[in-house]
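Enquirer: The amino acid sequence is not available; the structure is as follows:
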């Protein structure tokens, strides 16, 4: 049990750190496209932005959650992810991945070990999937730059039996040699693309 606590403590710290950063800033509406509202916000002391997509989807919340939570349903994920390796999976509780993100030449690909926790609010029916990095959990790949700052959260709340409110929030720091303004520009439409792909897959 002691070893488990030592493993979990850094993850909890990262989650609290990102949560406090998120709460300190206000979201700015950017645009609406394909039924997805896009928001961004700047974090104090950071050049990179946080992104959020919000959509109402005509599908039961449970079905959306099941699609997102299942580690064996990743065919709809962004094509930028060139490698997905499942390290651990406990249904409705925990998933751990090793991911490789494909970047165009001359930049090196990025990789990431990520820990995803699932939670369900029995009172409201809201479901959450929260992803943070696992430091030192994967062997270093010299062909990639390891991303150390990453936070992503899906929120799925039922509106009624056949509709759900979906939110996707994330922050990504891809590491060295990429100017913040380029990263922000490239990632701007990502929430729209990801939610649209998930909706089509449903």
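Expert: Now that the structure is in, tell me what you want to look at. Computed from a predicted structure; not experimentally measured. Numbering: from 1, shown residues only.
Enquirer: which residue is nearest the middle of this protein?
Expert: Most central in the chain under Cα atoms, centre = their mean is residue 152, positioned 2.8 Å from the mean C-alpha point.
Enquirer: For the helix or strand containing that one, what is the distance to the chain centroid?
Expert: In the assignment (DSSP states H and E), residue 152 maps to strand 149-160. Mean C-alpha position of strand 149-160 versus that of the full chain (Cα atoms, centre = their mean, to the nearest Å) differs by 9 Å.
Enquirer: tell me the mean pLDDT for the helix or strand that comes right after it?
Expert: As assigned by DSSP H and E, the chain's next helix or strand after strand 149-160 is strand 163-173. For strand 163-173, mean pLDDT is 96.
Enquirer: The residue nearest to the centre of the chain bridge partners, please.
Expert: Residue 152 has these beta-bridge partners by DSSP bridges: residue 131, residue 170.
Enquirer: show me the contacts for it.
Expert: Shown in contact with residue 152 (Cβ atoms under 8 Å, 6 or more residues apart in numbering): 130, 131, 168, 169, 170, 171. (Each C-beta comes from the backbone N, C-alpha and C, glycine too.)
Enquirer: what angle do the strand holding residue 152 and strand 163-173 make?
Expert: Between strand 149-160 and strand 163-173, the angle comes out at 170 degrees (axes from the mean of the first three to the mean of the last three Cα atoms, to 10 degrees).
Enquirer: Could you pull out the buried residues of strand 149-160?
Expert: 149, 150, 151, 152, 153, 154, 155, 156, 158 (16 or more other Cβ atoms under 10 Å).
Enquirer: Among the residues you listed, which one sits closest to residue 137?
Expert: The nearest member of those to residue 137, counting by Cβ to Cβ, is residue 150 at 13.0 Å.
Enquirer: Just give the nearest non-adjacent residue to the closest one, would you?
Expert: residue 133 (5.0 Å; Cβ to Cβ, 6 or more residues apart in numbering).
Enquirer: thought the one you found was touching residue 172?
Expert: No. With contact defined as Cβ atoms under 8 Å, residue 133 does not reach residue 172; the gap is 10.5 Å.
Enquirer: overlap in contacts of those two?
Expert: Between them, residue 133 and residue 172 share these contacting residues under Cβ under 8 Å, 6+ apart: 147, 149, 150.
Enquirer: how about CSV for the residues you listed, with distance to residue 101 added?
Expert: Below are these laid out as CSV (distance: Cβ to Cβ, whole Å):
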residue, distance to residue 101
147, 8
149, 14
150, 10
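Enquirer: Perfect, that will be all.
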